[in-house]
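Visitor: show me the folded form of this:
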Amino acid sequence: MIVATTNDIAGHRVTRHLGVCRGITVRSRSALGNIGAGFQALFGGNVSIYTELAERARQEAFDLIITHARDAGANAITAMRYDANEIADGITEVLAYGTAVVIEPE
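Guide: Model prediction:
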């Protein structure tokens, strides 16, 4: 599966547009994670507990968009983007979305 943030893929042409594909995950921080992050924040710099949480959420959303596109018959995704919203205090939605397409080499 080729995934691009651009509207086209160099060296390929789109033969079919299959529509929007998406992967969504909703994550929350644990109480223990918040305590650990609080200690890290005291010293400044990267709060690795939250960085790891964000990376896992994005990877899960990415894996889900790939599955959704494959299920639609796509072999590529164009115009892929991420979005994130806080649903409630400590609960965040991460969305990966794009256009599922079928491509072939030029």
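Visitor: for the chain, longest strand please?
Guide: When the chain is parsed with DSSP state E, its longest strand is strand 12-28.
Visitor: check which element follows the helix or strand bottoming out on mean pLDDT in the chain along the chain.
Guide: Lowest on mean pLDDT, DSSP states H and E among the helices and strands of the chain sits helix 31-42, with a mean of 54. Where DSSP states H and E defines the elements, the next helix or strand beyond helix 31-42 is helix 48-71.
Visitor: quick one: residue 94 from residue 103, how far?
Guide: Using C-beta to C-beta, to the nearest Å, residue 94 is found at 26 Å from residue 103. From N, CA and C alone the C-beta is placed, and that goes for glycine too.
Visitor: what of residue 73?
Guide: In this view, residue 73 and residue 103 are 12 Å apart by C-beta to C-beta.
Visitor: what of residue 93?
Guide: Distance from residue 93 to residue 103, counting by C-beta to C-beta: 29 Å.
Visitor: and if you look at residue 6?
Guide: 12 Å.
Visitor: so, low pLDDT: which residues of the protein?
Guide: The chain contains residues with pLDDT under 70 at 29-49.
Visitor: one step back: residue 73 and residue 103: who's more crowded?
Guide: Shown here are residue 73 and residue 103; by other C-beta atoms under 10 Å, residue 103 has more neighbours (20 against 11).
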